[in-house]
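Chemist: only geometry, no sequence info:
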């Protein structure tokens, strides 16, 4: 079950130090560690954060580990539904409360919550125990076979890396609100679905009020009445027109707040607030249109990665990153290669970034025996649904990317992609859908993408060191792709070169800061020469940690900033290129 944690509801934040113990032989469940009365002999670890960089003992640990802590629940919650919720746990989680199993979840980047009021001691201290297993297999998402045998090129962090909370709600409550926006002349058209749940045993007559605020000003309101059905959810629909609305865009990222309340006997029993922006996204005539205007995406792919914290990117780091991106003229980024945290996307809404939301489906290579294995298909569909439902109210998200660099020259992958795309469209049909490929002309799935997203590394992995040949090859391949799919816009979602901070060469050579800058400049010139190219994302915003291999020196060093956000020489070049390229073209 999923809940939005940013609510006007009663909540206990479980961030802080937890008891922690690794379980390399996986004996904890058989020995019932979840029933222990004391955890004082366990280590301590901080949540939210990955376990790997909090102690050298855990840096390369992959397997099962246990978390435990106590929390208090007010006596006043005894007539409510109470959930324990997790924003992100990598990869599998099993949860016990007061020694009783309450639920499990697979997938490291989407939220989940379990009801637990029946096992709580109200007004007293309670214990939550979480077993986390980040073991990689060919059927995990993403897949792999070990810390240094991942099918993906970023460090495999484990643990509770996003927020944990205890949430109390009324037995009649709002489970989900979805705001879809459209524009007619100067008016904003809002189509709103409210999913309301009742866990009472009898029907109850309820009212739902909707109020829209522009900062502190009430600008529209509506209401609807309904009869709740025992132990059932109902979806209520309302249409609201905002006259002379303020539209959301990169240059003016205006946000409204929708407050939805449920009233029983004229008393508010639950409330949920949603921020939204009024904007439209369409793909027409080979262009991506934002509010009817053709846009050009300028930006970098990112990773949630920072020293010590691992996959937990705290607010101060996000503020630093978003400020740097604005300073150099970025208007866009992709959540490579998994859904990012709520804080990440909330800030994107406020800063006006255009976001390609990518699913955790990276590394789908031919080493996987059957791409269309029913277990894999259903798992990916569920994870994709979870991400879309969580994030579909964000105006910053303009597109969904279902895969990154899959082996998309095979029919069984095409079957997988078709099924996942169909399911994603059922969940949200308001945004274009893509996947990111490095197969180019040998890819047999390009027709399934609304927008073509290609990764190119001419001048680095191939044609190494030869930027003249790289420019020619890039231009030729782009033209051939466009000739085959003339009505589809193209975004180059990855291009770049590793640069070791402090290495300088004149003339530019590979691994130097100068070569990285020259490669970026070379690619950008090609993009601007072709009307059908509608964006480019540099790989990468900042250096990030990877597994051990002969191709990497601890980090992937394609960032234009170091891992600690110091600029390399390419930053000046990128700022000149991005500032000189308009958002609308």
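Modeler: Noted; the coordinates are in hand. Nothing here was measured: the structure is a model prediction, and the numbers come from that model. Numbering: from 1, shown residues only.
Chemist: which residues does residue 498 contact?
Modeler: Applying Cβ atoms under 8 Å, 6 or more residues apart in numbering, we find residue 498 in contact with 460, 510-511, 516, 556-558. Heads up, the C-betas are built off the backbone N, CA and C, glycines and all.
Chemist: And residue 317, which helix or strand is it part of?
Modeler: Using DSSP states H and E, residue 317 sits within helix 315-327.
Chemist: Taking the contacts of residue 498 together, which two end up most distant?
Modeler: 510 and 556 (14.7 Å; Cβ to Cβ).
Chemist: And those two? Which one has more around it.
Modeler: Comparing residue 510 with residue 556 by other Cβ atoms under 10 Å, the one with more neighbours is residue 556, at 23 against 16.
Chemist: so what's that one up against?
Modeler: Residue 556 neighbours (Cβ under 8 Å, 6+ apart): 153-154, 498, 540, 543-546.
Chemist: can you tell me which of the residues you listed are in strands?
Modeler: The strands, defined by DSSP state E, take in 544-545 from the contacts of residue 556.
Chemist: quick one on the thing from earlier: list the contacts of the helix holding residue 317.
Modeler: Contacts of helix 315-327 (Cβ under 8 Å, 6+ apart): 299-300, 302, 306, 309, 313, 333, 343-344, 347-348, 351, 353, 541-542, 561, 565, 575.
Chemist: if you set the cut-off to 10 Å instead, what comes out?
Modeler: The contact list for helix 315-327 (Cβ atoms under 10 Å, 6 or more residues apart in numbering) reads 298-300, 302, 304-307, 309, 313, 330-333, 340-341, 343-344, 346-348, 350-353, 541-542, 560-561, 564-565, 567, 571, 575, 578-579.
Chemist: CSV for the contacts of residue 556, including pLDDT and distance to residue 35?
Modeler: Shown next, in CSV, are those (pLDDT from 0 to 100; distance: Cβ to Cβ, whole Å):
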residue, pLDDT, distance to residue 35
153, 92, 41
154, 94, 36
498, 98, 50
540, 97, 45
543, 98, 44
544, 97, 39
545, 96, 36
546, 96, 39
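Chemist: I'd like the contacts of residue 556 as CSV, with distance to residue 81 appended.
Modeler: Below are those laid out as CSV (distance: Cβ to Cβ, whole Å):
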residue, distance to residue 81
153, 42
154, 37
498, 51
540, 43
543, 44
544, 40
545, 40
546, 42
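Chemist: Closest to residue 412 out of the contacts of residue 556?
Modeler: Nearest to residue 412, judged by Cβ to Cβ, of those is residue 153 at 23.4 Å.
Chemist: Count the residues that sit near the closest one.
Modeler: 17.
Chemist: Quick check: it touching residue 546?
Modeler: Yes - counting by Cβ atoms under 10 Å, residue 546 is a contact partner of residue 153 at 5.9 Å.
Chemist: Mind checking which of the contacts of residue 498 are in helices?
Modeler: Residues of these located in helices (DSSP state H): residue 516.
Chemist: hmm, back to that, and the helix holding residue 317, how far from the chain's centre?
Modeler: How far helix 315-327 lies from its chain's middle: 17 Å, per Cα atoms, centre = their mean, to the nearest Å.
Chemist: do the same with stretch 192-203
Modeler: 29 Å.
Chemist: Kindly report the same for stretch 243-261.
Modeler: Offset of stretch 243-261 from its chain centre (Cα atoms, centre = their mean): 22 Å.
Chemist: can you check stretch 383-392 too?
Modeler: Put simply, stretch 383-392 sits 9 Å off its chain's centre (Cα atoms, centre = their mean).
Chemist: how about residue 81, what does it touch?
Modeler: 115-118, 167-173, 197, 199.
Chemist: closest to residue 46 among those residues?
Modeler: residue 167 (21.4 Å).
Chemist: Quickly list what the closest one is bridged to.
Modeler: Beta-bridge pairing of residue 167 under DSSP bridges involves residue 11, residue 83.
Chemist: residue boundaries of the strands in the stretch 151-300 of the chain?
Modeler: 159-160, 164-169, 172-184, 187-198, 204-214, 217-228, 232-242, 256-264, 267-276, 281-284, 287-290, 293-294, 297-301 (DSSP state E, counting those that start in this stretch).
Chemist: Deepest in the core, which of those strands is it.
Modeler: Most buried of the strands of the stretch 151-300 of the chain by mean neighbour count (mean count of other Cβ atoms under 10 Å) is strand 159-160; its value is a mean of 30.
Chemist: I figured residue 557 was touching residue 544, is that so?
Modeler: Yes - using Cβ under 10 Å, residue 557 is in contact with residue 544, at 9.1 Å.
Chemist: more crowded one of those two?
Modeler: residue 557 (24 against 20).
Chemist: number of nearby residues for the residue nearest to residue 58 when sequence neighbours are not counted?
Modeler: Residue nearest to residue 58 in three dimensions, not counting chain neighbours: residue 51, with 4.7 Å by Cβ to Cβ, 6 or more residues apart in numbering. The number of residues packed near residue 51 is 27, by other Cβ under 10 Å.
Chemist: list the buried ones in the host helix or strand of residue 390?
Modeler: Under the criterion DSSP H and E, the helix or strand holding residue 390 is helix 374-391. For helix 374-391, the neighbour count (16 or more other Cβ atoms under 10 Å) marks 376-377, 379-381, 383-391 as buried.
Chemist: Show me the domain layout of this protein.
Modeler: 10-169, 172-276, 281-579 (automatic domain parsing).
Chemist: Any chance of the ones you listed in CSV with distance to residue 585 as columns?
Modeler: Below are the domains of the chain laid out as CSV (distance: least, Cβ to Cβ, whole Å):
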stretch, distance to residue 585
domain 10-169, 32
domain 172-276, 13
domain 281-579, 5
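Chemist: Output the below-cut-off pLDDT ranges for the chain.
Modeler: 1-8 (pLDDT under 70).
Chemist: hey, where'd the helices end up in it?
Modeler: Under DSSP H, the chain gives helices at 315-327, 342-351, 374-391, 411-427, 467-484, 513-528, 570-579.
Chemist: Minimum distance to residue 263: which of these has it?
Modeler: helix 374-391 (25.3 Å).
Chemist: Return the list of helices and strands in contact with the closest one.
Modeler: If you count contacts as 3 or more Cβ pairs under 10 Å, 6 or more residues apart in numbering; DSSP states H and E, helix 374-391 packs onto strand 100-106, strand 172-184, helix 342-351, strand 354-358, strand 397-404, helix 411-427.
Chemist: and the second one, which strands flank it?
Modeler: In this case it means strand 172-184. By DSSP bridges, strand 172-184 pairs with strand 187-198 (antiparallel).
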